[in-house]
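In: After the sequence you'll find the predicted model.
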There are 2 protein chains.
Amino acid sequence: MTTTSMKDVARAAGVSVGTVSNVLNRPEAVAEETRARVLAAIADLGYVRNDSARQLRAGRSRTVAIVVLDVANPFFTDVVRGAEPLVESAGGVVTVCDSGEDVRRERRHLELLEEQRVLGLLITPVDDSSASWIERLSGHDIPVVLVDRGAGRHPHCSVAVDDVHGGRLAAQHLVERGHRKIAFIGGPSSIPQVADRLGGCREVCEESGVELEVFTTPGLNFQAGREAIELMLGSEDRPTAVFCANDLVALGALQGLTMHGVKVPQECAIVGYDDIDFAAAAAVPLSSVRQPRAQLGRTAAQLLFDEIAEGGDHTHRNVVFQPELIARASTALEL
Amino acid sequence: MTTTSMKDVARAAGVSVGTVSNVLNRPEAVAEETRARVLAAIADLGYVRNDSARQLRAGRSRTVAIVVLDVANPFFTDVVRGAEPLVESAGGVVTVCDSGEDVRRERRHLELLEEQRVLGLLITPVDDSSASWIERLSGHDIPVVLVDRGAGRHPHCSVAVDDVHGGRLAAQHLVERGHRKIAFIGGPSSIPQVADRLGGCREVCEESGVELEVFTTPGLNFQAGREAIELMLGSEDRPTAVFCANDLVALGALQGLTMHGVKVPQECAIVGYDDIDFAAAAAVPLSSVRQPRAQLGRTAAQLLFDEIAEGGDHTHRNVVFQPELIARASTALEL
DNA sequence: CCGTGTTTTTGAATCGTTTCATGAACGGAT
DNA sequence: ATCCGTTCATGAAACGATTCAAAAACACGG
């Protein structure tokens, strides 16, 4: 009935609990014959270690938490995939938390993770409002690495992609293709990635005298893209190209345009962001700004373990990757 | 330095640890004035509850684990989304584990989850080989609900969709459209869902004298679909329609066909499975067999909490939903 | 001022591991 | 026999929260 503990195992094997613990944690320190007896007892009783007790004693858990904006966005699952191998080979476990771009959910997760004394935290914060919360964690000896987001003046390591540059790449590409009026679709603008991508785009537009219309969305998903298109099609003098803050939005926009019979790219070109696998497989293969997703995750995990290893005398590192534009049919000139 | 514990708070507030605990867990049992003093001390010291200690005492964690075949598959994220609200409103936390269709990874997760004494487990098992492992969990008082998978003779609750029927729907649809040779793409065949969908498809083909060619893939993802198409196009007398075991495979297949200039649906029709959001947004909008994803998750969580509530005298329930075929352009006749 | 009843607070026991200083057992060298 | 060095095993002391019986504090009527 009641779960069996080490004490039960010890009794069954006729040894002390200390010995049982040794069998589990440093088998080489236990005599062959004793070890066998203990293992037999364990199998016999169906004993399972109690991780809570273990952690309580250890003071830390082996869990590395990754807090992402949206688990349904392939961009983030790829980041997670990148981080996992490193964490697991270090004997850790990954747990993924979805903030859903919602600051309150994010905060709830952070509180819980702190109570759990996680080993470390990789996080793409929703916006700046949780900064102090996050600092509190690292103040409590939980190393934090910001993902897909420069650390700025925050005291953490970070891995990021130059989103301003990414925005510039997208805009330049469209300007080169001859577009004179561009729409930007994405939001909320409190999300730094969104602001930066828009910022880069705006720079280029101003430099080259191209008109820019901004459609701010409540989130970065499929539906947001579709709805923004409704708005855009309603306006007179409509843009001949849209730059979407991520691929999900772009796919939504594509569907919206198609539903209204607007031909892509002839009547309206599209550039997305992230270059998720689905982008290439879309109704019209999407041009997109590619980020090194898996590498982001891998590097983030690496920085985390470096920080853990280096202990006190650690200086934070901020790694920045450069994005790359992948041109496909959605911005093609001919046909 | 060392994390502050309840003892420190107690000392700072000039009360006993018992009182601090009461402030946190049953504030109404503590005098107004004392409570304020304790809360002040907590804020002052930046005290954070230690969840390990809490769980150790409680004997169980508040975590409900969901083990899925592939987190990158929108089908599963939708299932998780369906389950989350219920779990959270019951004061629980959801943790998602990705088995990646790999029995060993699955097993590793199960071991860990058992050590963590999770509150309950929702799982889509990779195949039958973990059955005894899973039974062990429920033997150890961890209720288990099988997701997207009939319980069969296994002693668990389950929520499932009738995959055989789903397979029939897909095949019937293609037969009605006049196809006389159909390809099935999916695998590995050890995955019950794959086997069932193929089974239903095969039934219909035999009933109506339609030829069926099976392409077994090593996994249910994008790439698998693309590769299977390479094989299929190599064969002479090639099928005029493919039924894919899920939408990711179907999207891969679609891309493969498009890359080889094979027109969909004119030269080759496609039916997918799951009806994920991307299906409708694909290059050629995909016909697909829809499953009630969110409802699967919601119902699974419901069954889990029912089982927890009912305790000893609980009889397992097996809920089966019926799938529905959504016809789109990828199987259209005209154009 | 005493008994009685109610509201608060206390402190020790408990959960299951890990750790570590001690001690036991044994073999070999003297 | 005695002493010493290994190799193994022991058991008590943490870790930090929760629980609960019992004590303390207080209120109030007589």
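Out: On my side now, so go ahead. Numbering: from 1, shown residues only, chains lettered A, B, ... in the order given.
In: Count the residues that sit near A:G18.
Out: A:G18 has 10 neighbours, counted by other CB atoms under 10 Å in any protein chain shown. C-beta: built from backbone N, CA, C; applies to glycine.
In: Doesn't it belong to a helix?
Out: Yes. Counting by DSSP: H, G, I helix; E, B strand; the rest coil, A:G18 falls inside a helix.
In: Read off the pLDDT value for it.
Out: Looking at A:G18, its pLDDT reads 96.
In: ok, it to chain B distance?
Out: Relative to chain B, A:G18 is positioned 19 Å away (CB to the nearest CB, to the nearest Å).
In: Just the helices from the stretch 101-250 of chain A, written as ranges.
Out: A:103-115, A:131-139, A:163-176, A:192-207, A:222-234, A:247-259 (DSSP state H, counting those that start in this stretch).
In: Pick the most deeply packed of these.
Out: Counting by mean count of other CB atoms under 10 Å in any protein chain shown, helix A:247-259 has the highest mean neighbour count of those, with a mean of 26.
In: can you tell if that helix touches chain B?
Out: Yes. Against chain B, helix A:247-259 shows contacts by CB under 8 Å from any CB of the partner chain at A:L251, A:G252, A:L254, A:Q255.
In: Mind picking the lowest-pLDDT entry from those residues?
Out: Within the residues of helix A:247-259 next to chain B, A:Q255 has the lowest pLDDT, namely 88.
In: Please give me every residue in contact with that residue.
Out: A:Q255 sits next to A:F222, A:G225, A:R226, A:A283, B:A280, B:A281 when contact means CB atoms under 8 Å, 6 or more residues apart in numbering or on different chains.
In: re the thing from before, need the helices of the stretch 101-250 of chain A in CSV (columns: distance to B:L45).
Out: Formatted as CSV, the helices of the stretch 101-250 of chain A follow (distance: least, CB to CB, whole Å):
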stretch, distance to B:L45
helix A:103-115, 14
helix A:131-139, 12
helix A:163-176, 39
helix A:192-207, 32
helix A:222-234, 43
helix A:247-259, 43
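In: Out of those, which is closest to A:E324?
Out: The closest of the helices of the stretch 101-250 of chain A to A:E324 is helix A:163-176. By CB to CB, the value is 7.6 Å.
In: for the closest one, packing partners?
Out: Packing partners of helix A:163-176 (3 or more CB pairs under 8 Å, 6 or more residues apart in numbering or on different chains; DSSP states H and E): strand A:181-186, helix A:192-207, strand A:241-244, strand A:269-274, strand A:287-290, strand A:324-326.
In: any chance of these in TSV, plus distance to B:G150?
Out: Converted to TSV, the helices and strands packed on helix A:163-176 look like this (distance: least, CB to CB, whole Å):
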stretch	distance to B:G150
strand A:181-186	43
helix A:192-207	43
strand A:241-244	41
strand A:269-274	37
strand A:287-290	41
strand A:324-326	43
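In: Which of those sits closest to chain B?
Out: strand A:269-274 (12.2 Å; CB to the nearest CB).
In: A:H314 belongs to a strand, doesn't it?
Out: No. Assignment of A:H314 by three-state DSSP gives coil, placing it outside any strand.
In: Now it: phi and psi?
Out: Here is the backbone geometry of A:H314 (degrees, to the nearest 10): phi -120, psi 130.
In: wait, it sits on A:D306?
Out: Yes. Here A:H314 lies in contact with A:D306, judged by CB atoms under 8 Å, at a distance of 7.4 Å.
In: avg pLDDT for the biggest helix by length in chain A?
Out: Scanning chain A for the helix with the most residues, using DSSP state H, yields helix A:293-310. Per-region confidence: helix A:293-310 scores 96 on mean pLDDT.
In: could you say what helices and strands the helix or strand that it is followed by packs with?
Out: Next helix or strand after helix A:293-310 toward the C-terminus (DSSP states H and E): strand A:318-321. Applying 3+ CB pairs under 8 Å, 6+ apart, one finds that strand A:318-321 makes contact with strand A:157-161, helix A:293-310.
In: Can I get the residues of helix A:247-259 next to chain B in a markdown table including distance to DNA strand D?
Out: A markdown table is the format used below for these (distance: CB to the nearest atom of the strand, whole Å):
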| residue | distance to DNA strand D |
| --- | --- |
| A:L251 | 46 |
| A:G252 | 45 |
| A:L254 | 51 |
| A:Q255 | 49 |
